[in-house]
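Colleague: Here you go, sequence then predicted model.
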Amino acid sequence: LAGLANDFGIDTGHADPDPGEAPAPPPAVPVPATPAAASLDLTPPAQEYPAPSPAQDYPAPSPAQDYPTPPPATQDYPTPSLPQGYPPPAAASYPASPQPAPAQPAPAPGGVNLRKNEKADLHHSGAAPLSRVVFSLGWTPAEGRSDIDLDASVIAFDAAGEKLAIVWYMHTNEFYGALQHTGDNRKGGYGDVEQILVDLHRMPMNVDSLIFTINSFRGHTFTDIAQAYCAVQNVDDGEVLVRFDLSDTQPSTAVLMTELRRGAQGMWQMRAIGEYHDCRTVKKLVPSASRQSKLGS
């Protein structure tokens, strides 16, 4: 720019350089010596991390909550009410599962002795009302026979003669214990009896008639039996109230012995039947017993 300015007559205060004189080289810049590769320390310096903070002081866990006590495993459910028509149980205890009664001799004669088709009211000499009775149905084998096995049963009917229940040695309990069979007796021999307990106060109101029967399951006929009887006793004092002895015999395997019928004002009446049939189980006697129940009404 100075030469150009001089060409236009402008003094820049600088003299033109001598074209023959080479410009002086720039001063040399010192270069630091490069260290040998083997002496290089490539390990990174250790970093200084901050010290960990102390453990935080968390609040102590709250105590377990006081939950209500759970109900017991077996809840005390209310006692179910009896079906309609069943009077409440009497205060007197009555075995729920009766045990077979030991063999007993035939009840001693006493009370009213009935003949076929006769009737008698059930009452006893005491002042207390009659509440529980036991029907003892027994037999005496003919001479030389000791293998006679008879089965006593009872069939309950309503006022129309419809069957309500059957109690026998394989089904021993009905009507919440108001009708119970004490067990089978297979020994045979004099005085062997099977017993049926009847709780008159607890008997359902729709039970109008009870028909008591005897069957020979093994097929022996009543000609193999010297005597068959039905005796009714008061459970509370053992008094014999009514007794019915079969006065005849037939080559049959079953008999309708007696009927117990509900009367007026809580009175019960017994009627002697003594009607023979040919069947080995009580279920086969239901039609004939229903007919007798209608006749007695």
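Modeller: Happy to help now that I have it.
Colleague: got a list of what the residue nearest to Arg115 when sequence neighbours are not counted touches?
Modeller: Nearest residue to Arg115 in three dimensions, chain neighbours excluded: Ala272, at 6.4 Å (Cβ to Cβ, 6 or more residues apart in numbering). Placement of C-beta: from N, CA and C, glycine included. Residues near Ala272 by Cβ atoms under 8 Å, 6 or more residues apart in numbering: Leu114, Arg115, Lys116, Asn117, Glu118, Lys119, Cys230, Phe244, Met257, Thr258.
Colleague: try Ala142
Modeller: Thr223, Asp224, Ile225, Ala226.
Colleague: Now for the last one, how many residues are close by?
Modeller: The reference is to Ala226. Counted with other Cβ atoms under 10 Å, residues neighbouring Ala226 total 15.
Colleague: and the longest helix anywhere in the chain, average pLDDT?
Modeller: When the chain is parsed with DSSP state H, its longest helix is helix 286-295. Mean per-residue pLDDT for helix 286-295: 95.
Colleague: cool, stretch 118-125 as well?
Modeller: 87.
Colleague: Do me a favour and get the end-to-end distance for it?
Modeller: The first and last residues of stretch 118-125 sit 21 Å apart, counting by Cα to Cα, to the nearest Å.
Colleague: swap in stretch 184-193?
Modeller: Across stretch 184-193, the terminal residues are separated by 9 Å (Cα to Cα).
Colleague: same check, this time on stretch 230-243
Modeller: End-to-end distance for stretch 230-243, by Cα to Cα: 6 Å.
Colleague: low-scoring stretches of the chain, by residue?
Modeller: 1-110, 127, 187-192, 297 (pLDDT under 70).
Colleague: Can you show me the helices along it?
Modeller: 2-7, 286-295.
Colleague: What ranges does the stretch 101-250 of the chain have for its strands?
Modeller: Taking DSSP state E, counting those that start in this stretch, the strands of the stretch 101-250 of the chain run over residues 112-114, 119-121, 132-141, 150-157, 163-167, 173-174, 179-181, 193-199, 209-216, 225-234, 240-245.
Colleague: want to throw these into CSV with distance to Met267?
Modeller: Output for these, formatted as CSV (distance: least, Cβ to Cβ, whole Å):
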stretch, distance to Met267
strand 112-114, 14
strand 119-121, 6
strand 132-141, 13
strand 150-157, 18
strand 163-167, 20
strand 173-174, 22
strand 179-181, 19
strand 193-199, 14
strand 209-216, 14
strand 225-234, 14
strand 240-245, 13
